[in-house]
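>>> sequence first, then the predicted structure:
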Amino acid sequence: RLAFAKLRHLWRRRDIRLLTKGRVYRAAVRSVLLYGSETWPLRVEDIRRLLVFDHKCLRSIARVSHQWLETLNDMAQDRLQW
């Protein structure tokens with residue numbers, strides 16, 4: 001969390017491409033998050049929590065809100081019912 005928070009100024013900048021932000025995220029945040037994970041005794045719940053955090057960070061970088069995701073899900077459901 002701290003690595004992600006320290007780069008908040010970068011995530012908010014609109015003049016930096018999303019691709020570049022993604023590369024920085026993978027190098028600076030994900031690598032810190034997963035450091036030493038090969039030796040962790042991971043449970044299913046631990047993996048789920050890591051994925052939730054990862055997705056939350058990526059949504060934040062891409063500026064995608066939960067409301068937008070819910071709207072997309074609703075639209076998909078409407079199309080399936082049609």
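Happy to help now that I have it.

>>> pLDDT weak spots in the chain?
67-70, 72-82 (pLDDT under 70).

>>> same thing but at 90, please
1-2, 33-40, 42, 47, 55, 59, 63-82 (pLDDT under 90).

>>> looking at it, which helix is longest?
As assigned by DSSP state H, the longest helix anywhere in the chain is helix 44-62.

>>> tell me what that one is packed against?
With contacts taken as 3 or more C-beta pairs under 8 Å, 6 or more residues apart in numbering; DSSP states H and E, helix 44-62 sits against helix 18-24, helix 31-33. Bear in mind the C-beta positions are built from the backbone N, C-alpha and C, glycine included.

>>> now for these, which one comes closest to V64?
helix 18-24 (10.8 Å; C-beta to C-beta).

>>> run through the neighbouring helices and strands of the closest one.
helix 8-12, helix 44-62.

>>> and with 7 Å instead?
Judged by 3 or more C-beta pairs under 7 Å, 6 or more residues apart in numbering; DSSP states H and E, the packing partners of helix 18-24 are helix 8-12.

>>> could you list the buried residues of the helix it packs on?
The neighbour-count check on helix 8-12 (16 or more other C-beta atoms under 10 Å) flags W11 as buried.

>>> if we can go back for a sec, TSV for the helices and strands packed on helix 44-62, including mean neighbour count?
Compiled in TSV, the helices and strands packed on helix 44-62 are given as follows (neighbours: other C-beta atoms under 10 Å):
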stretch	mean neighbour count
helix 18-24	12
helix 31-33	13
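
>>> now those in a markdown table, with distance to H9?
Listed next are the helices and strands packed on helix 44-62 as a markdown table, based on distance: least, C-beta to C-beta, whole Å:
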| stretch | distance to H9 |
| --- | --- |
| helix 18-24 | 12 |
| helix 31-33 | 17 |
